[in-house]
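**Q** Give me a 3D structure for the following:
(2 chains)
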Amino acid sequence: MRKSWIRLVVVLAALAFAAACICQPQVVKPPEEVAKVAPPAEKKVQEEVVVAKKPAEVKEAEVMEAPMKEVPSPLEDIFFAFDDYSLTDAAKSTLDKNAALMKNNPDAKVRIEGNCDERGTNEYNMALGERRANSGKKYLIKLGIKESQLSTVSYGEEKPFCTENSEECWAKNRRDHFVIAK
Amino acid sequence: MKPQRDMVKRVLKIVFLLAIALIVSARAETAGAKIYIDIHSPSARKLPIAIAPFKNLGTTPDKENISSQLNNVLTQDLEISGLFQIIDPKSYIENPQTAGITSDKINWSDWSTIGAEALVKGGFSLDGKVLMLEGRLFDVVQGKFIAGKRYYGKVDDFPLMVHKLVNEIIYQLTGEQSIFETRIAFVSTITGTKEIYLMDVDGENRQRITAHRSICLSPAWSPDGKKLVFTSYKKGNPDLYLKDIIYGSEKVISQEKGLNISPVFSPDGKRIALTLSVEDGNSELFLIDLEGHKLDRLTTDWGADVSPTFSPDGKRIAFVSDRSGSPQIYVLDVENKNVKRLTFEGNYNATPEWSPRGDKIAFSRMAGNKFDIYIMDADGNNVQRLTTQGSNEDPSWSPNGRYIAFSSNREGGKKVYIMLANGSNQRRVTSGKGDDTSPVWSPTTGEK
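**A** Take a look at the predicted model:
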């Protein structure tokens, strides 16, 4: 009789304990931590095999296309105002001179390279350089130069003539550069 | 008498078991992880954390001092995350020789006295070229184990193993996937010409992936992280290249006359938005497929349109246009091509980058001949300036939208930096020779 009474008391105590636990707000551990003996649970750390994925090595012996050789050119640069691609009067008179030289050498192919100063973003400057190159080209065509003699490319701010951080240098970089392409 | 006793015994047993079941289930049901670091709070407090030296758990002696190398990478990653205040190791009380790495062998007051609230402990063992790395994270305040991971790999790959461990630590404390398995592609002039490189977010593991000896620009990742698209003058014209990163193969996919620039992949990975030239030298946005076939023309105005960036749902594109007279940021609807202007302050707003979370757009604004990084809501409201020192361009979001990488010349010469998306914790990532620009963060966050 006594034994079962003791048992009953134990059970009631357990129930009371359970009730107390359910009622109190808890900061509760993640489910796998419920097992009350902590160290053995800690042994169950997740395992992972790590394999690094490396990009392919760069092949050094690539066959390169020979870059177009730049022949020293008697054609002069023309310059532009900041964020502008319209032709100034000075630019137009330089283009007149260039056109005369080109008419005397109708077989020479000319590449018009549009450039910008370093201010502004690389991408917007590529677009601006493209417009500058095309401005020069359109004017030359109006003067009678054959379109097949001309090509354009924009270098944006990527191929500056000078690299100083000054108004003077920036003005020199805002240009169309004329290259005789072989 | 006997049957009565048996009955009582049985009933008591059942009741007792029920009681235990109730306790167990009550605790399990209210299981929700404690919030250690609330990432969403605008002024999140840094969590004080201690990093115990890694123990050599094996028999091979640590001749290369792997223990401190592991610790260095781990500490640096936690610093880069901007989420932690790392307790000075000089103040550690615990004797590393005798201390263990499981909670039954940790004296919590050794750590709480010096101010730590979280603790990282771990061990490693070497077996020829194989390294086993084990890391365990503890809650010092409650005196308990939070989580642990064990990694196996080549010794040389130990940084990747530590990066994975850091990701796990941050996941356990914030509930979010962090950045330490991601990579950053960028352009550098170290070799004398602009080539494209990859690196880890701590600046290590730098690898050159182009050898054009020309001008490589504007890399952009495919959504699966396996390809890069970029512009190169290798053939004398700014053409568009697509490169497989793992196999190294490369091909020109767009070589239209004029520009093939500022590419970006659509979120579904099947299309690329970029700028192409049209008659008369104007620049317009187009969509092409991965073979370079034109799928759609997105803009038709007299302004120059460059630098597209997709919204995460792929339905809108933010871009730069000077159609109003100066470069500003606009948004277009990919389907009906309607355009809305987003920026109205300042007269040069460019390089928009849509956050992978969809809510913000980072961009750069030029004022007084220098750039700074700003963010704004996707509708153009709430413009916030994030940088002030030096000139700062080319923002790029981490895939979890919590960090921004950018290029800055604040220390002389352009280098890649990263910062938290609220502008705090600005840290330089690259060093050495060359100008480092156009950082772009890889899209994948690693497995979870």
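**Q** Only C-alpha atoms from now on, for both contacts and neighbour counts.
**A** Will do.
**Q** Spell out which parts of the stretch 251-400 of chain B neighbour chain A.
**A** B:258-259, B:261-262, B:280-283, B:304, B:306-307, B:320, B:350-351, B:366, B:369-370, B:393 (Cα under 8 Å from any Cα of the partner chain).
**Q** Quick one: residues contacting residue 50.
**A** Let's take chain A. Contacts for A:Val50 (Cα atoms under 8 Å, 6 or more residues apart in numbering or on different chains) come out as B:151-154, B:160-161.
**Q** wrong chain, I was asking about chain B
**A** If you count contacts by Cα under 8 Å, 6+ apart, B:Ala50 has them with B:86-89, B:111, B:116-120.
**Q** Narrow the residues of the stretch 251-400 of chain B next to chain A to just the buried residues.
**A** Neighbour-count burial (16 or more other Cα atoms under 10 Å in any protein chain shown) applied to those gives B:258-259, B:261-262, B:281-283, B:304, B:306-307, B:320, B:350-351, B:366, B:370, B:393.
**Q** what's around residue 163, how many residues?
**A** Answering for chain A, as no chain was given. 13 (other Cα atoms under 10 Å in any protein chain shown).
**Q** ah, no, chain B please
**A** 24.
**Q** Contact partners for it?
**A** B:73-74, B:77, B:180-181.
**Q** Please produce TSV containing those residues, extended by secondary structure and distance to chain A.
**A** As requested, the contacts of B:His163 are arranged in TSV below (DSSP: H, G, I helix; E, B strand; the rest coil; distance: Cα to the nearest Cα, whole Å):
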residue	secondary structure	distance to chain A
B:Val73	helix	16
B:Leu74	helix	17
B:Asp77	helix	18
B:Phe180	coil	13
B:Glu181	coil	10
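**Q** quick one on the thing from earlier: from the buried ones among the residues of the stretch 251-400 of chain B next to chain A, which land in strands?
**A** Those of those mapping onto strands are B:261-262, B:283, B:306-307, B:320, B:350-351, B:366, B:370, B:393, per DSSP state E.
**Q** Please identify the helix or strand for the residue lying closest to B:Ser91 once chain neighbours are set aside.
**A** Using Cα to Cα, 6 or more residues apart in numbering or on different chains and skipping the chain neighbours, the partner closest in space to B:Ser91 is B:Ile114 (6.9 Å). Counting by DSSP states H and E, no helix or strand carries B:Ile114.
**Q** Past the helix or strand of chain A with the lowest mean pLDDT, which element shows up next along the chain?
**A** In chain A, no helix or strand scores lower on mean pLDDT, DSSP states H and E than helix A:38-43, which sits at a mean of 49. Remark: after helix A:38-43, the chain's next helix or strand is strand A:46-49, criterion DSSP H and E.
**Q** neighbouring strands for that following strand, and are they parallel or not?
**A** Strand A:46-49 pairs in its sheet with strand B:144-154 (parallel), by DSSP bridges.
**Q** For B:Asp202, list the residues it contacts.
**A** Contact partners of B:Asp202, counting by Cα under 8 Å, 6+ apart, are B:76-77, B:80, B:429.
**Q** What about it? Give its phi and psi, please.
**A** Taking degrees, to the nearest 10, you get phi -90, psi 10 for the backbone angles of B:Asp202.
**Q** what's the pLDDT at it?
**A** The per-residue pLDDT reported for B:Asp202 equals 96.
**Q** Would you state the helices of chain B in chain order?
**A** B:2-29, B:66-81, B:108-112, B:158-174 (DSSP state H).
**Q** pull the CA atoms of stretch B:416-433 into PDB?
**A** C-alpha atoms of stretch B:416-433 as PDB (Å, rounded to 0.1, in the frame of the first residue of the first chain):
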ATOM      1  CA  VAL B 416      37.400  47.200 -54.300                       C
ATOM      2  CA  TYR B 417      35.600  47.800 -51.000                       C
ATOM      3  CA  ILE B 418      32.600  46.300 -49.400                       C
ATOM      4  CA  MET B 419      30.100  47.700 -46.900                       C
ATOM      5  CA  LEU B 420      26.900  46.800 -45.200                       C
ATOM      6  CA  ALA B 421      23.900  48.100 -47.200                       C
ATOM      7  CA  ASN B 422      23.300  50.900 -44.700                       C
ATOM      8  CA  GLY B 423      26.800  52.300 -45.400                       C
ATOM      9  CA  SER B 424      28.500  51.000 -42.300                       C
ATOM     10  CA  ASN B 425      31.600  48.900 -41.900                       C
ATOM     11  CA  GLN B 426      33.300  50.100 -45.200                       C
ATOM     12  CA  ARG B 427      36.300  47.900 -45.700                       C
ATOM     13  CA  ARG B 428      38.900  47.600 -48.400                       C
ATOM     14  CA  VAL B 429      39.100  44.200 -50.000                       C
ATOM     15  CA  THR B 430      41.900  44.400 -52.600                       C
ATOM     16  CA  SER B 431      45.400  45.700 -52.300                       C
ATOM     17  CA  GLY B 432      48.600  45.800 -54.300                       C
ATOM     18  CA  LYS B 433      49.300  47.100 -57.800                       C
END
